[in-house]
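I'd like to go over a predicted model; first the sequence, then the structure.
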Amino acid sequence: MAIINVTQILAEEKIHEVIRLMECCSCEKCEDDVMALALNSLPPRYVTTHAGKQYVQLESFKKQFETDVTAALMRACMTVKEHPSH
Ligand SMILES: [Zn+2]
């Protein structure tokens, strides 16, 4: 299958920055919890990876939704900090 969820790609790029900023625990478990919580609160956006279109779509997606993704990650960090599962 050659489809990817660009919301997830963007969240993966941002998660370490946000965890550091929010002083959230960065163990693997908390990181996964933050990622799952954030992704559940965001609409998935799928693009195909054929013909190099992915890059163009990813870049335009980033400009539009970077703020939403960062905000969702911040909310997720707060939840994980209150109820860490590690
Ligand atoms: Zn942890």
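Received the coordinates, thanks. Numbers count the residues shown, from 1 in each chain.

what ranges does this structure have for its helices?
For the chain, the helices defined by DSSP state H cover 6-21, 28-41, 53-82.

distance from the longest one to the middle of the chain?
Okay, so that is helix 53-82. 5 Å (Cα atoms, centre = their mean, to the nearest Å).

that helix vs the ion: in contact?
No: on the criterion Cβ under 5 Å from the ion, helix 53-82 is out of touch with the ion, staying 7.6 Å away. To be clear about C-beta, it is placed using only N, CA and C from the backbone, and glycine gets the same treatment.

pull out the buried residues from that helix.
Under the neighbour-count criterion of 16 or more other Cβ atoms under 10 Å, helix 53-82 has 54, 57-58, 61, 65, 69-70, 72-77, 80 buried.

show me the shaky parts of this protein.
51-54 (pLDDT under 70).

ok, the closest residue to residue 10 other than its chain neighbours - contacts?
Of all residues not flanking residue 10 in the chain, residue 69 sits nearest, at 4.9 Å (Cβ to Cβ, 6 or more residues apart in numbering). By Cβ atoms under 8 Å, 6 or more residues apart in numbering, the contact set of residue 69 is 7, 10-11, 14, 38, 42.

roughly how far does residue 69 sit from residue 85?
As judged by Cβ to Cβ, to the nearest Å, residue 69 and residue 85 stand 22 Å apart.

need the residue closest to the centroid of this protein.
Closest residue to the average C-alpha location of the chain: residue 11 at 1.8 Å, with Cα atoms, centre = their mean.

quick one: that residue from residue 50, how far?
Counting by Cβ to Cβ, the gap from residue 11 to residue 50 is 23 Å.

and if you look at residue 19?
33 Å.

quick one: which of those two has more around it?
residue 19 (22 against 9; other Cβ atoms under 10 Å).

so the more buried one touches residue 31, yeah?
Yes: counting by Cβ atoms under 8 Å, residue 19 does reach residue 31; the two are 6.6 Å apart.
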